[in-house]
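Novice: okay, here's the prediction I keep looking at, along with the sequence it came from:
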Amino acid sequence: MKIITVNNYNELSSTAGQIIADLVSSNPRCTLGLATGSTPLGTYQYLVKRYQAGDISFKDVQTFNLDEYCGLPRTHPESYFRFMHDNLFSHVNIQMQNRHIPCAEGGDLQSQCDAYNALLRQATVDLQLLGIGSNGHIGFCEPGTPFDQETFLTQLAEKTRQDNQRFFNSLEEVPTTAITMGIKNIMQAKSILLIASGKGKAECISQMVNGPVTEAVPASALQQHPNATIIVDEEAASLL
Ligand SMILES: N[C@@H]1[C@@H](O)[C@H](O)[C@@H](COP(=O)(O)O)O[C@@H]1O
């Protein structure tokens, strides 16, 4: 694992954004794995600026998102479909048919998992962007998820629902399940870029980097990835 410590969130966002922009410039047909949550917002803003400045084009870039809540229509303000539209897709030229997000609408969620997994199996993700949950989750792979797990219907941990309550009016409104890439899918990316900011992430970052590789801390699987880079600000790095 390569660890890059930066001073603050702005630097974190530009450092991560620069790595992604460099990849898109050198490999215009690359495939990006994308993440949601508040941490990647600055990274997406950086990429939008570079696109608007005419520095990079996403015309031939493919994207695969990590996860999607179940029980929210895609039009819901907190769906990850909507998040990606509002924060990245509506501002850059990633073609509609090249954007992939798990579909968690409709009755047969297992079929939706299988369909997404089949797409992932055909793809090679060049760079997977990740945030981290305060309990060490990646995507929505919660503690206890087997490392050989592929795309699946996951039960959200209570801690995750509490953490994400800030985006909803009440805890009751936070979905209890989601479709997520599995750890096996995530680990198949050629490179991984995990970003974390703030004191609330210090403990899980320390466990991920210095703790044992264990299913109890899903992000610890990244210790076994040949090309994983972690960018942390000083607060998130404070227990390393
Ligand atoms: N499914 C997402 C994760 O992909 C994300 O990494 C995590 C942390 O989010 P934040 O960046 O808002 O702390 O939140 C959600 O649970």
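Specialist: Cool, the structure landed. All values reported here derive from a predicted model rather than from experimental measurement. Numbering: from 1, shown residues only.
Novice: can you show me the strands along this protein?
Specialist: Ranges of strands in the chain, per DSSP state E, are 2-6, 31-34, 62-65, 67-69, 99-100, 127-130, 152-155, 177-180, 191-196, 228-233.
Novice: the ligand: which of these is closest?
Specialist: Closest to the ligand of these is strand 67-69 (C-beta to the nearest ligand atom; 5.0 Å). C-beta here means a position set from N, CA and C on the backbone, and glycine is covered the same way.
Novice: contacts for that closest one, please.
Specialist: With contacts defined as C-beta atoms under 8 Å, 6 or more residues apart in numbering, strand 67-69 is touched by 36, 78-81, 101-104, 139-140, 175, 177-181.
Novice: show me which of the residues you listed neighbour the ligand.
Specialist: 36, 139-140 (C-beta under 6 Å from any ligand atom).
Novice: that older thread, which of the contacts of strand 67-69 are buried?
Specialist: 36, 79-81, 101-104, 139-140, 175, 178-181 (16 or more other C-beta atoms under 10 Å).
Novice: kindly report the residues of this protein close to the ligand.
Specialist: Within the chain, the residues that sit near the ligand (C-beta under 6 Å from any ligand atom) are 35-39, 66-67, 131-133, 139-140, 160, 164.
Novice: show the pLDDT at the residue nearest to the spatial centre of the chain.
Specialist: For the chain, the residue nearest the mean C-alpha position is Ala35 (2.5 Å; C-alpha atoms, centre = their mean). At Ala35 the predicted local confidence, pLDDT, stands at 98.
Novice: repeat that for Glu105.
Specialist: Note on Glu105: pLDDT of 88.
Novice: quick check: it touching Arg74?
Specialist: Yes: with contact defined as C-beta atoms under 8 Å, Glu105 reaches Arg74; the gap is 6.3 Å.
Novice: residues near Asn210, how many?
Specialist: Using other C-beta atoms under 10 Å, Asn210 has 11 other residues around it.
Novice: for it, list the residues it contacts.
Specialist: The contact partners of Asn210, taken as C-beta under 8 Å, 6+ apart, are Leu240.
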